[in-house]
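Asker: have a look at this prediction, sequence included:
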Amino acid sequence: MHNSAVFASKRADARHYFGTARLVVPLLALALLLAGCSASGAKQSSNSAGAAVTITFWHGWSLPNDVGALQRNIAKFEKLHPNITVKTVPNVSDDKILQGLRTSTGPDVISSFTTGSVGALCQGALVDLNPKLKADGIDKNTTFIPSRIRYTEFGGKQCTLPLLGDAFGLYYNKEMFTAAGIIAPPKTWTEFTADAVKLTHMKKDGSYASLGFMPSFEMYETDVGTWMKQWDPKYYDAQGKANLANDPNVSRFFQYADSLQKALGGYAPLHKYRTTFGDEWSAQNPFEVGKIAMALDGEWRIGLIKTDSPKLNYAVAPLPVPDDQLSTYGKGSLTGTIIGISRKSQHQQAAWELVKYLTSDTNALVSFGNAIQNLPSTLAALKSPELPSDPAFQTFLRISENPMSGGTPASNNGGQYLTILGRFGDQWQSGKVSDLHQGLVDVDKQIDAANAQTAP
């Protein structure tokens, strides 16, 4: 049985709005509903700062360790604010949260694992926190990691704040590197291809004995949105129109992914080998058992390896960057949990006190993050001596702090554009699309049509 702390990562179902339709459906439904709403229906907080009040907090954590860690912070908050009682409701899915936000009997505070929901939530479901931050003298750009602020706001509204964070880096097997004569992790994608080929070994029957890297967009965390971040794509132009076909970095990314796939044997054999991989969250994860030498993954993998494969000799480095962007080496893709206040809450001041505490109190952030193997989201918490000293974890902290790191942009339909792009990526890799530029032109048209459907 896995340690429950590290199994918090099973919320990957939420993180995987990248190219995943199951979360876009409820988010798109919310966006359609909110598109015609205005702020005039919002209920303002009527309780004074000292009045006794009970607020409800819905969140997605469900495992005993995770819920317990959060509840300990809630208890500390209630001690600091004896007039506020927090009723927590764990294990609430995104679709239930979105349904609850439509009613006056729903939650006062919500937390979601899905950064892709921010655009839809900012269209009327959640309170804009900018006035509250200003009133309390909190400069969001110097309190929080700036790159994490970017994925929690939309259309000028700070309707959510970052709670805990995730970052993506390159895990590599040190023993395999030594055997292949590789002395350091690759910093550019040209170096990465050379290393991936060196680390690939074939059996006599022509099948893979081990693979340097699995380049499939369907490979666990190696989706288009996460991987392409290293090229710094511009998803939209200044007018808000999809810009993928016009951004040369996007084409370079897809061309590189195709060249890497060919260098490692091609789509068909790679696809066949991928079918032999164990579940991402099991002890048979292909990186943990040596089927692949390098993997794109998040900080939660550290805890899983400690539980599943404690003798695995590995290290973590930032993902490589394009050769002409070497100065940006150290950056990575970011995501994380978000938290906000329902516009229908009748206790918005009390709700704000809770949100402020959970997102900006250094001890609260560090203790919770340490318990569930996640990253803090404030600049002060990044410097805490209580953070794990493990070199791999420290690498993720540096990626998180890097000003060039960031997430994918929020959209008004819950990240449907990433689903469209991910679908195209699968078609490109499998050879069903041969004209890259025209394919991206078609993707842009689909994205613009989807965005227009839910435009505020």
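Answerer: Structure's in. What do you need? Numbering: from 1, shown residues only.
Asker: quick check: mean pLDDT of stretch 214-223?
Answerer: For stretch 214-223, mean pLDDT is 95.
Asker: please name the nearest non-neighbouring residue to Met214.
Answerer: Spatial nearest neighbour of Met214, chain neighbours left out: Ile292 (5.5 Å); criterion: C-beta to C-beta, 6 or more residues apart in numbering. C-betas here are computed from N, CA, C, even on glycine.
Asker: that neighbour and Gly212 touch, don't they?
Answerer: Yes - taking contacts as C-beta atoms under 8 Å, Ile292 lies within contact range of Gly212: 7.2 Å.
Asker: rewinding a little: quick one: the residue nearest to Met214 and Thr276, what's the gap?
Answerer: To Thr276, Ile292 is 11 Å away according to C-beta to C-beta, to the nearest Å.
Asker: so where do the strands sit in the stretch 251-400 of the chain?
Answerer: Listed in chain order, the strands of the stretch 251-400 of the chain (DSSP state E, counting those that start in this stretch) span 294-298, 314-317, 334-341.
Asker: just list what the longest one packs against, helices and strands only.
Answerer: Going back to what we said before, that points to strand 334-341. If you count contacts as 3 or more C-beta pairs under 8 Å, 6 or more residues apart in numbering; DSSP states H and E, strand 334-341 packs onto strand 109-112, helix 146-150, strand 161-173, helix 348-360.
Asker: between these, which one is closest to Asp390.
Answerer: Asp390 lies closest to strand 161-173 among the helices and strands packed on strand 334-341, at 13.0 Å (C-beta to C-beta).
Asker: give the next helix or strand downstream of the closest one.
Answerer: Helices and strands here follow DSSP states H and E; after strand 161-173, the next one along the chain is helix 174-179.
Asker: now the nearest residue to Gly290 once chain neighbours are set aside, what's its secondary structure?
Answerer: Nearest non-adjacent residue to Gly290, counting by C-beta to C-beta, 6+ apart: Ser210, 6.2 Å away. Classification of Ser210 using DSSP: H, G, I helix; E, B strand; the rest coil returns strand.
Asker: burial count for Ser210?
Answerer: The tally of other residues near Ser210 (other C-beta atoms under 10 Å) stands at 18.
Asker: about what we covered before: CSV please, covering the helices and strands packed on strand 334-341 and showing mean pLDDT and distance to Phe254.
Answerer: Listed next are the helices and strands packed on strand 334-341 as CSV, based on pLDDT from 0 to 100; distance: least, C-beta to C-beta, whole Å:
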stretch, mean pLDDT, distance to Phe254
strand 109-112, 96, 30
helix 146-150, 90, 24
strand 161-173, 97, 19
helix 348-360, 97, 37
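Asker: of those, which is nearest Ser389?
Answerer: strand 161-173 (17.0 Å).
Asker: quick one: list the elements packing against that closest one.
Answerer: Applying 3+ C-beta pairs under 8 Å, 6+ apart, we find strand 161-173 packed against helix 146-150, strand 294-298, strand 314-317, strand 334-341, helix 348-360, helix 362-372, helix 391-401.
Asker: out of these, the one nearest Gly137 is which?
Answerer: Closest approach to Gly137 among the helices and strands packed on strand 161-173 (C-beta to C-beta): helix 348-360, 11.3 Å.
Asker: what's the most buried one of the helices and strands packed on strand 161-173?
Answerer: strand 334-341 (a mean of 27; mean count of other C-beta atoms under 10 Å).
Asker: work out the sheet partners of that one and label each with its direction, please.
Answerer: Under the criterion DSSP bridges, strand 334-341 sits next to strand 109-112 (antiparallel), strand 161-173 (antiparallel) in its sheet.
Asker: the helix or strand following the first one - contacts with which helices or strands?
Answerer: Going back to what we said before, that points to strand 109-112. Remark: after strand 109-112, the chain's next helix or strand is helix 118-121, criterion DSSP H and E. Counting contacts by 3+ C-beta pairs under 8 Å, 6+ apart, helix 118-121 is packed against helix 21-34.
Asker: next secondary structure after the helix it packs on?
Answerer: Counting by DSSP H and E, the element after helix 21-34 in chain order, helix or strand, is strand 53-58.
Asker: tell me what that next one is packed against?
Answerer: Packed next to strand 53-58, using 3+ C-beta pairs under 8 Å, 6+ apart, are strand 84-89, helix 94-100, strand 109-112, helix 348-360.
Asker: got a markdown table for the ones you listed, with distance to Ala380 too?
Answerer: Converted to a markdown table, the helices and strands packed on strand 53-58 look like this (distance: least, C-beta to C-beta, whole Å):
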| stretch | distance to Ala380 |
| --- | --- |
| strand 84-89 | 23 |
| helix 94-100 | 29 |
| strand 109-112 | 21 |
| helix 348-360 | 8 |
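Asker: to Gly206, which of these lies closest?
Answerer: helix 94-100 (44.1 Å).
Asker: so which elements touch the closest one?
Answerer: helix 21-34, strand 53-58, strand 109-112.
Asker: part of a strand, is Pro233?
Answerer: No - secondary structure of Pro233 (three-state DSSP): coil, not part of a strand.
Asker: that one: neighbour count?
Answerer: 21.
Asker: likewise the one 10 residues further on?
Answerer: Each residue near Asn243 was counted by other C-beta under 10 Å, and the total is 18.
Asker: and the pLDDT at the nearest residue to it once chain neighbours are set aside?
Answerer: Of all residues not flanking Asn243 in the chain, Asp237 sits nearest, at 4.5 Å (C-beta to C-beta, 6+ apart). According to the prediction, Asp237 has pLDDT 94.
Asker: contacting residues for the most centrally placed residue in the chain?
Answerer: For the chain, the residue lying nearest the average C-alpha position, counting by C-alpha atoms, centre = their mean, turns out to be Thr335 (2.6 Å). Thr335 makes contacts with 15, 115, 151, 165-166, 407, as judged by C-beta atoms under 8 Å, 6 or more residues apart in numbering.
Asker: which two among the residues you listed are spaced furthest apart?
Answerer: Among the contacts of Thr335, the pair separated by the greatest distance (C-beta to C-beta) is Arg15 and Tyr151, at 12.1 Å.
Asker: wait, Ala371 sits on Ala69?
Answerer: Yes - shown here, Ala371 and Ala69 form a contact pair, counting by C-beta under 8 Å, at 3.6 Å.
Asker: and Val355, how far is that from Gln123?
Answerer: According to C-beta to C-beta, Val355 and Gln123 sit 19 Å apart.
Asker: show me which helix or strand of the protein is least confident by mean pLDDT.
Answerer: Ranked by mean pLDDT, DSSP states H and E, the weakest helix or strand in the chain is helix 12-15, scoring a mean of 34.
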